[in-house]
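>>> give the three-dimensional model of this entry:
(one chain, ligands or ions: 1)
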Amino acid sequence: MEDIFLQSVKFDGEKLYVLDQTKLPQVTEFLEITDIEDVWDAIKQLKVRGAPAIGIAAAYGLALGIKDAPESDFEAFYEYFKEKADYLATSRPTAVNLFWALKRMDARAKAENGKPVSSIKKLLIEEAHTIRQEDENVCSSIGENALSLFQDGMTVLTHCNAGGIATAKYGTALAPIYLAKERGMDIKVFADETRPLLQGARLTAWELMQAGIDVTLITDSMAAMVMQQGKVQAVIVGCDRVAANGDVANKIGTYGVALLAKAHNIPFYVAAPLSTIDLETRTGEDIPIEERAAEEITAGFGKSTAPEGVKVFNPAFDVTPHHLITAIITEKGVMRGNYSEELPHLFEN
Ligand SMILES: CSC[C@@H](O)[C@@H](O)C(=O)COP(=O)(O)O
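Residues are numbered from 1 along each chain as shown. This next block holds a predicted model:
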């Protein structure tokens, strides 16, 4: 695909460069990070966000965090490594890519036991680079697979941001849109603004406009009307975790969009890399849902919009049950229903 993408997370061996997504769309600014605490903070504050990008940042963050780990013997090194990994794991609870990436780094560290610790540290930087590169390839395949579901002239609706900046490149839900554009197809997009933090307005609308894609911004509450009026022919979203039965956690509001799609007989697609599938989580009920600060709702972006002291419930994600999902698209293909049986096969070689 043509290179129109900003790499939102990159590492030069010394510094981690993170596109500060909280400043978009007004300011395109990269944070320069040299310690693990700032990586933790960047994830927590959503400066880096989107499940795959969180995983990539965590892998690099861990590589940064073990710079000063003892090199005398593997046990001392590994104890230090584990402590840093456990610390990063507390940054956000829902996107399984965070834990997946930390586990991958852990497996690599253990596999290299026996080599000098100084070389293990370098190999762990390589592992983080591999995680990033693999995600880029995976997103490209998701784009190809998802595009098979779209026809020229269609309009699709998306929620939150599952675009290039939420991944290594290309995005998940937005990857087929970019590919369609490159192939000369006309696919238009409705972007839900995505309350309360406006990832749809600030990030998706911005990304798609940069790429010259026809995007129309709506508030979340307008999705029903847009569907009722026949303005969209499909919904595609990304996700933060797929449970073993195919239930999916994604940005708050996604469940509502899935219900609306069902009511209007519109296919509801979820794009997910294998790194987002968690067979150890049985159903959606077992997915930990992050709750965030009340101020995101009462004073989002600094302006007070609610009475002082009002009680607030602010879950950052919801769960869409598998029966509302027409298909889950991964790098390995398109799965239509029967998720409990199909998902484990994806991990067979
Ligand atoms: C490819 S990104 C997929 C998901 O992580 C995305 O849809 C989403 O819900 C992100 O939530 P966020 O809170 O902005 O990290």
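>>> could you use CA atoms for every contact and neighbour count after this?
OK.
>>> around the ligand, pick out the residues from this structure.
49-52, 160-162, 166-167, 171-172, 238-240, 250-251 (CA under 6 Å from any ligand atom).
>>> so for the helix or strand containing Lys122, mean pLDDT?
Secondary structure from DSSP states H and E places Lys122 in helix 117-147. On average, the pLDDT along helix 117-147 is 98.
>>> next: stretch 15-30.
Here the average pLDDT along stretch 15-30 is 98.
>>> that older thread, of the residues of the chain next to the ligand, grab the buried ones for ChimeraX.
Burial among the residues of the chain next to the ligand is assessed by 16 or more other CA atoms under 10 Å; the matching ChimeraX selection reads:
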select :49,50,51,52,160,161,162,166,167,171,172,238,239,240,250,251
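>>> ok now the one helix or strand Pro344 maps to, how far from the chain's centre?
Per DSSP H and E, Pro344 falls inside helix 339-345. Centre-to-centre, helix 339-345 and its host chain are 21 Å apart (CA atoms, centre = their mean, to the nearest Å).
>>> my guess is Ala173 contacts Ile236, does it?
Yes - counting by CA atoms under 8 Å, Ile236 is a contact partner of Ala173 at 5.7 Å.
>>> need the overlap of contacts for the two.
The overlap between the contact sets of Ala173 and Ile236 (CA atoms under 8 Å, 6 or more residues apart in numbering) consists of 158, 270-271.
>>> nearest to Cys139 among those?
Distance to Cys139, by CA to CA, is smallest for Ala271 among those, at 9.3 Å.
>>> quick one, what contacts the closest one?
Contacts of Ala271 (CA under 8 Å, 6+ apart): 142, 146, 172-173, 236-239, 328-330.
>>> most widely separated two among the residues you listed?
Ala146 and Cys239 (14.4 Å).
>>> all helices for the stretch 51-200 of the chain, in order.
Using DSSP state H, counting those that start in this stretch, the helices found in the stretch 51-200 of the chain span residues 51-65, 74-88, 96-111, 117-147, 175-182, 199.
>>> before we move on, back to that, who has more neighbours, Ala173 and Ile236?
Ala173 (29 against 24; other CA atoms under 10 Å).
>>> could you list which of the contacts of Ala271 belong to strands?
Assigned to strands by DSSP state E, the following of the contacts of Ala271 qualify: 236-237, 328-330.
>>> looking at those, which is nearest the ligand?
Using CA to the nearest ligand atom, Val237 comes nearest to the ligand of the ones in strands among the contacts of Ala271, at 6.2 Å.
>>> wait, that closest one touches Ala162, no?
Yes - using CA under 8 Å, Val237 is in contact with Ala162, at 6.8 Å.
>>> who touches both of the two?
Taking CA under 8 Å, 6+ apart as the contact rule, Val237 and Ala162 both touch Ala173.
>>> contacts only, for the residue in the chain sticking out farthest from the centre.
Most distant from the centre of the chain: Ser72, at 37.5 Å, with distances by CA atoms, centre = their mean. The contact partners of Ser72, by CA under 8 Å, 6+ apart, come to Val117.
>>> quick one, phi/psi of Val257?
Phi and psi for Val257, reported as degrees, to the nearest 10, are phi -60, psi -40.
>>> can I see the domain layout of the protein?
Per automatic domain parsing, the structural domains of the chain span 9-139, 150-347.
>>> so which of these gets nearest Asp3?
Judging the domains of the chain by CA to CA, what sits closest to Asp3 is domain 150-347, at 9.3 Å.
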